[in-house]
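Visitor: Take this sequence and fold it.
(chains A and B)
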Number of protein chains: 2
Amino acid sequence: MTAPDFESRAADALAVEERVEGFRLLPPAEAEHVFLGLGSREQADLVLGLPAAERQLWMRQLAPDDAADVIQEAPEPERAPLLALIDPDTRREVTALLAYAEDDAGGLMSPRYARLRADMTVDEAISYLRRQARERLETIYYIYVLDPEQRLIGVVSFRELFAATPEKTVRDVMRTQVVTVPDDMDQEAVSNVIAQHDLMAVPVCDAEGRIKGIVTVDDIVDVVREEATEDIQKIGGSEALDLPYWQTAFRTLVRKRAGWLTILFLGEMLTATAMSRFQDEISKAVVLALFLPLIISSGGNSGSQASTLIVRAMALGEVRLRDVLRVMQREIASGLVLGTILAAIGVVRISAWEKIFPGIYGEFPRKIALTVGLSLIGVVAWGTLAGAMLPFFLRRLGFDPASASAPFVATLVDVSGLIIYFSVAQVVLQGTLL
Amino acid sequence: MTAPDFESRAADALAVEERVEGFRLLPPAEAEHVFLGLGSREQADLVLGLPAAERQLWMRQLAPDDAADVIQEAPEPERAPLLALIDPDTRREVTALLAYAEDDAGGLMSPRYARLRADMTVDEAISYLRRQARERLETIYYIYVLDPEQRLIGVVSFRELFAATPEKTVRDVMRTQVVTVPDDMDQEAVSNVIAQHDLMAVPVCDAEGRIKGIVTVDDIVDVVREEATEDIQKIGGSEALDLPYWQTAFRTLVRKRAGWLTILFLGEMLTATAMSRFQDEISKAVVLALFLPLIISSGGNSGSQASTLIVRAMALGEVRLRDVLRVMQREIASGLVLGTILAAIGVVRISAWEKIFPGIYGEFPRKIALTVGLSLIGVVAWGTLAGAMLPFFLRRLGFDPASASAPFVATLVDVSGLIIYFSVAQVVLQGTLL
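Guide: Numbering: from 1, shown residues only, chains lettered A, B, ... in the order given. Prediction:
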C-alpha cells in the first residue's frame, strides 16, 4: 500500500513541479493563453508553485469568479495571501463571491455583466457598452436593463440591440420576461434551467429581484460534465473522485472505492445469514444451488437498470418526487414483463439441457424448471420495483439519489432474491425433493 | 403487456395532441418563445401536429442548423415536404447540413457565423457586423477572419474588437492561433475541445482549412447532457433510451431493457454450468454455499466500480488506449488492496460468528475463514483488473466502452469468481471437508 502510494504522490509532486518549470519557459502571450485555459485546480497549483514575486501577475489575470475559484482550491493558509495579491476593486468582488457555496448559483456567477438603463437610445447604449467592454465583461451576449435600485427590469441580446434602428430606446427593444435564478440555487438545477431555455447566460437575483451576477453557459458545460462524472462514479459504486483519474493519488483512489465496497460487503453478508436458514434445503436438493447465482444476479441486473434510469431522469428534472406512484405503476408492469421474458428463456434452457443430458437436474426436472421460472418472475419484478423506488426514498431522506443506488439495489435484491427463490422452492418441491 | 403498452401509446398521442392545442391558444410572441425553447424532437412533433397551412410559419422561424435537426427527427416521408417549406436561401444551407451525420461536428454546426476581412479597420468592421447582425447570426461572440478563399486566418472576440481603438485594422487585433475541429469529428470529442479551451464557439473546417460553420457552446450543453445520459443508461445495463423517461413508450422501454437483460441472463447461465461441476463439493460441504453470493457479488461490485471509473475517464479524454499498461499496473495494485480489506473483514466476521454461535460453520471454521479470505483477495483483484481492462478491449474493437461494461463485467466476474472460490476450497479443504 505504501509503495505505490508514495510513488504516485511523488509523481504528482513531480508533475506539478515540471509543469511550473515548463510554464515559466513559455513566451508571455502563450503563457497567458495556457494559464487561462487551465481548470481552477491547476491554476491554483501553478500559482502556488511560482515564486511569491511572480504570483501577483497571474492572480490579476483572472476574472473575479475565476479568482474566487482558485482561492477556494488553495489550501486554507494560502487563501488570504492569494486574495491580498488582487487589486482592491476586484478584491471586493472576489470577497463577495467567496461568501457563496462553490456549488450554488452564487458561487458560479460573475459580477461583470453588461448593464444599461431603459431610457437610453440604442446608439447611446452601444457607445456606453463600448466603454464597459474595455473593462473585461464576462459576456456581452445579453445586456441587462436595471432600474435605479439595481432591480432587473429587462434583457436585450446584443444582437438585437446591434440590429435595432438607432433612435429607438432600450425599453423599446428589451424583453421584460426574463428567466432568472436565485443565488442559492444548486448548480445542477441552474444547468437544467440554462439547457431547457437554451440560454447563453442567466442572471442571478436575490429575493428583492436585484441582480447579483450572471452565470454563463461556458461555466455550465464544466458543471454538466462534473455532475455527470460524479453521478456516473456513484452509480458505479464508489465515491465521486473529484479529480481526474490520473491526478487522484493512489491512496485516495483506494479509500474512495473501499468505503462503498465495504458497505456493500457488509450488506451482502446478510446473504450468508439468509443462506444459513436454507442449509437444509440445499443439502437435500443440491440442484437448487446451481441456479442460485443466475437468479440473484438477474434480480440485481434488473434492479440496477431501473434505479439507473430513474436516477438519471431525476437529475435531468424529468422525474420528480410527486411522480412516485406513476413510476411505481410503470415499473411494476415493466418488471413483470421483463421477469416473464427471462423466465421463459430459463424454462426453455432447463428443458433443453434435460433433453440433451437426461437426469442432469435429478428426478424432477419439471418442478425445478417451474421453481426457477416462478422465482425469476418474482425476483425480476421485485428487483425492478425496488430499483425504481430506492432513488425516491434516498431523495425523500435528503440524500443524493445517485449515491451507489445501483450497487445498493443489487445488494438488497441479492438478499431478498434468495429468500424468494427458496420460498418458491419450498412450495413447489414440497413432498418431492424437500 | 398490451394494456399498459396501449395506454402509454395512447397517452403519448394524447399528450402531443393536447400540446398542439395548447400551443395554438398562445399569443404569438409567447408561442414563438415556447417553440424556440423546445428540443428538435418536440419541435418536429409540434410542426407535424399543426395543419399544413400553419407549418411554414414555424419552419421559417428556425436557424438552419435547428431546421436540419427538426427534419432529421421527422419520419422519412415528411422530410422532403418540411424542407420545401423553408425559403430557398436557407434551404440551400439546410440541405448542406443534412449531408452530415447528426452526431458529427458537421451535424451540429451553424453556417451563420460572423465573418470579416483582415484589412478592414475596426470601425468598418463594426458597421459591417451591424449589417450582418440583422440577418440572425448564430453568435457574434467570436468573429472569424477569412482570406478570399474562405480559409480561416484568424479570430477576434467581439469584446476585443469593440474595445479596440477605431483606427486599428482587424489584422492588428485578431489572434492567429485558432482552435478548430474537422467536420467529421464526433460530437463527444467536440465537447471535450470546447470544455478544455473554455470556448464559447469553435469553427468547423474542412481538410483545406476552409470554414464550414461554427459549433456554439449552448449546443454543446445539450450534447454533454445527452452523451452523459447515454453513458449512464448503458452503464446501468440497458440500451440508451434516446428520449426522456416519460416520452419513451412502454413497449420501447421494455424492449431496450429486455435486450441487455437477456444477454446478461444468457451469460449468467454459465454460472449454472460452472456450478454443476462443483455439485460434489457443495453436497460434501454445504457450508461453502453460504458464502457463494457474498464472494461473487464482491467480485461483481469491484468490477463495476473499476469499469465505470475507466469508462468515464475515457469519455472525458483523461485515459487513452495507449495508457492500457499504466492502468493495468494501477488497477492490479488497487484490486489487491481492496481485496485484502474485504478479506480481513470477512475473516473477522466468520471468527466472530464462530465465537458467538460455536459450530455454526461446522468442524473446520478456520479453514472456512481461510478459504473465504483467500477467495476474496483473488476475486476482488481479478474483478478489478477485468473491469478496468474491458473498456480498453471494447474500444479497441471499435465498440463504445460504455456499452453495458459494468453489468457485463459483473457477469464475467460471477462465472470466474465461483471457479476461483471452489478452486481455493479444493486446495484448502483437501483432506478435511473435501
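Visitor: From chain B, how far off is A:Glu268?
Guide: From A:Glu268 across to chain B, the span is 5 Å (C-beta to the nearest C-beta, to the nearest Å). C-beta here means a position set from N, CA and C on the backbone, and glycine is covered the same way.
Visitor: how about that residue, what does it touch?
Guide: When contacts are counted by C-beta atoms under 8 Å, 6 or more residues apart in numbering or on different chains, A:Glu268 touches A:Thr411, A:Asp414, A:Val415, B:Pro293, B:Leu294, B:Ser297, B:Ser298.
Visitor: at 10 Å what do you get?
Guide: Applying C-beta atoms under 10 Å, 6 or more residues apart in numbering or on different chains to A:Glu268 gives the contacts A:407, A:410-412, A:414-415, B:291, B:293-298, B:300-301, B:342.
Visitor: Can you tell me the strand partners of the longest strand along chain A and which way each runs?
Guide: For chain A, the longest strand by residue count, based on DSSP state E, is strand A:139-146. Partner strands and pairing direction for strand A:139-146 (DSSP bridges) are strand A:113-116 (parallel), strand A:152-157 (antiparallel).
Visitor: next helix or strand past the shortest one?
Guide: In this case it means strand A:113-116. Following strand A:113-116 in sequence order, the next helix or strand is helix A:122-133 (DSSP states H and E).
Visitor: is chain B contacted by that following helix?
Guide: Yes. Shown here: helix A:122-133 in contact with chain B (C-beta under 10 Å from any C-beta of the partner chain) through A:Ile126, A:Leu129, A:Arg130, A:Arg131, A:Gln132, A:Ala133.
Visitor: in what helix or strand does the residue nearest in space to the middle of chain A lie?
Guide: Centroid-nearest residue in chain A: A:Glu227, 2.8 Å away (criterion: C-alpha atoms, centre = their mean). For A:Glu227, the element it lies in under DSSP H and E is helix A:217-235.
Visitor: Is that helix positioned near chain B?
Guide: Yes. For helix A:217-235, a contact with chain B is found by C-beta under 10 Å from any C-beta, at A:217-235.
Visitor: Drop anything exposed from those.
Guide: Buried residues within the residues of helix A:217-235 next to chain B, counting neighbours by 16 or more other C-beta atoms under 10 Å in any protein chain shown: A:217-235.
Visitor: show me the contacts for A:Glu17.
Guide: A:Asp45, A:Gly49.
Visitor: follow-up on the earlier one: which among the residues of helix A:122-133 next to chain B end up buried?
Guide: A:Ile126, A:Leu129, A:Gln132, A:Ala133.
Visitor: Which residue, other than its chain neighbours, is closest to the third one?
Guide: The reference is to A:Gln132. Nearest residue to A:Gln132, sequence neighbours excluded (C-beta to C-beta, 6 or more residues apart in numbering or on different chains): A:Ala114, at 5.6 Å.
Visitor: just the second one next, same as before
Guide: Using C-beta to C-beta, 6+ apart and skipping residues adjacent in sequence, the residue nearest A:Leu129 is A:Ala114, 5.9 Å away.
Visitor: where's whichever strand or helix holds A:Arg55 relative to the chain centroid, distance-wise?
Guide: A:Arg55 is part of helix A:52-59 when elements are defined by DSSP H and E. Remark: helix A:52-59 is offset 34 Å from the chain centroid, using C-alpha atoms, centre = their mean, to the nearest Å.
Visitor: so, in contact with chain B or not, it?
Guide: No. Against chain B, helix A:52-59 shows no contacts by C-beta under 10 Å from any C-beta, the least distance being 16.2 Å.
Visitor: And the residue of the stretch 151-300 of chain A closest to chain B?
Guide: Using C-beta to the nearest C-beta, the closest approach of the stretch 151-300 of chain A to chain B is made by A:Gly236 at 2.5 Å.
Visitor: Surely that residue touches A:Arg257?
Guide: Yes. Using C-beta atoms under 10 Å as the test, A:Gly236 is close enough to A:Arg257 to be in contact (9.5 Å).
Visitor: what's the overlap in contacts for these two?
Guide: B:Asn301, B:Gln305, B:Ala306, B:Leu309.
Visitor: what subset of these is also close to chain A?
Guide: When contact is defined as C-beta under 10 Å from any C-beta, the shared contacts of A:Gly236 and A:Arg257 meet chain A at B:Asn301, B:Gln305, B:Ala306, B:Leu309.
Visitor: Format these as CSV; extra columns: secondary structure, neighbour count and pLDDT.
Guide: CSV is the format used below for these (DSSP: H, G, I helix; E, B strand; the rest coil; neighbours: other C-beta atoms under 10 Å in any protein chain shown; pLDDT from 0 to 100):
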residue, secondary structure, neighbour count, pLDDT
B:Asn301, helix, 35, 88
B:Gln305, helix, 30, 89
B:Ala306, helix, 32, 92
B:Leu309, helix, 30, 90
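Visitor: Closest one to B:Glu102 out of those, please.
Guide: Taking C-beta to C-beta as the measure, B:Glu102 lies nearest B:Leu309 of those, at 29.3 Å.
Visitor: quick one: that closest one from A:Asp231, how far?
Guide: Distance check for B:Leu309 against A:Asp231: by C-beta to C-beta, to the nearest Å, it reads 13 Å.
Visitor: before we move on, back to that, doesn't A:Ala195 make contact with the residue nearest to the centre of chain A?
Guide: No. Using C-beta under 10 Å, A:Glu227 is not in contact with A:Ala195, being 11.7 Å away.
Visitor: shared neighbours, these two?
Guide: Overlap of the contact sets of A:Glu227 and A:Ala195 (by C-beta under 10 Å, 6+ apart) consists of B:Val224, B:Arg225.
Visitor: quick one: the strands in chain A?
Guide: In chain A, the strands defined using DSSP E lie at A:113-116, A:139-146, A:152-157, A:181-182, A:201-205, A:211-216.
Visitor: now for those, which one comes closest to B:Asp66?
Guide: Closest approach to B:Asp66 among those (C-beta to C-beta): strand A:152-157, 16.5 Å.
Visitor: quick check: angle from that closest one to helix A:122-133?
Guide: If you take axes from the mean of the first three to the mean of the last three C-alpha atoms, to 10 degrees, strand A:152-157 sits at 90 degrees to helix A:122-133.
Visitor: Would you mind listing the buried residues in the helix holding A:Arg55?
Guide: Those would be A:Arg55, A:Gln56, A:Trp58, A:Met59, for helix A:52-59 by 16+ other C-beta under 10 Å.
Visitor: hey, C-alpha coordinates of that helix in PDB?
Guide: Below are the C-alpha coordinates for helix A:52-59, written out as PDB (Å, rounded to 0.1, in the frame of the first residue of the first chain):
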ATOM      1  CA  ALA A  52       6.000  34.700  -4.500                       C
ATOM      2  CA  ALA A  53       7.100  37.600  -6.600                       C
ATOM      3  CA  GLU A  54       5.500  36.100  -9.800                       C
ATOM      4  CA  ARG A  55       2.200  35.200  -8.300                       C
ATOM      5  CA  GLN A  56       0.600  38.700  -8.400                       C
ATOM      6  CA  LEU A  57       0.800  39.000 -12.200                       C
ATOM      7  CA  TRP A  58      -1.200  35.800 -12.600                       C
ATOM      8  CA  MET A  59      -3.800  36.300  -9.900                       C
END
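Visitor: Determine the set of other helices and strands touching that helix.
Guide: Contacting helix A:52-59 under the criterion 3 or more C-beta pairs under 10 Å, 6 or more residues apart in numbering or on different chains; DSSP states H and E are the following elements: helix A:2-24, helix A:28-37, helix A:40-49, helix A:64-73, helix A:76-84, helix A:88-98.
Visitor: now, of these, which is deepest in the fold?
Guide: Ranked by mean neighbour count under mean count of other C-beta atoms under 10 Å in any protein chain shown, the helices and strands packed on helix A:52-59 are led by helix A:64-73, which reaches a mean of 23.
Visitor: Reformat the buried residues of helix A:52-59 as a markdown table; add pLDDT.
Guide: Output for those, formatted as a markdown table (pLDDT from 0 to 100):
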| residue | pLDDT |
| --- | --- |
| A:Arg55 | 89 |
| A:Gln56 | 88 |
| A:Trp58 | 89 |
| A:Met59 | 90 |
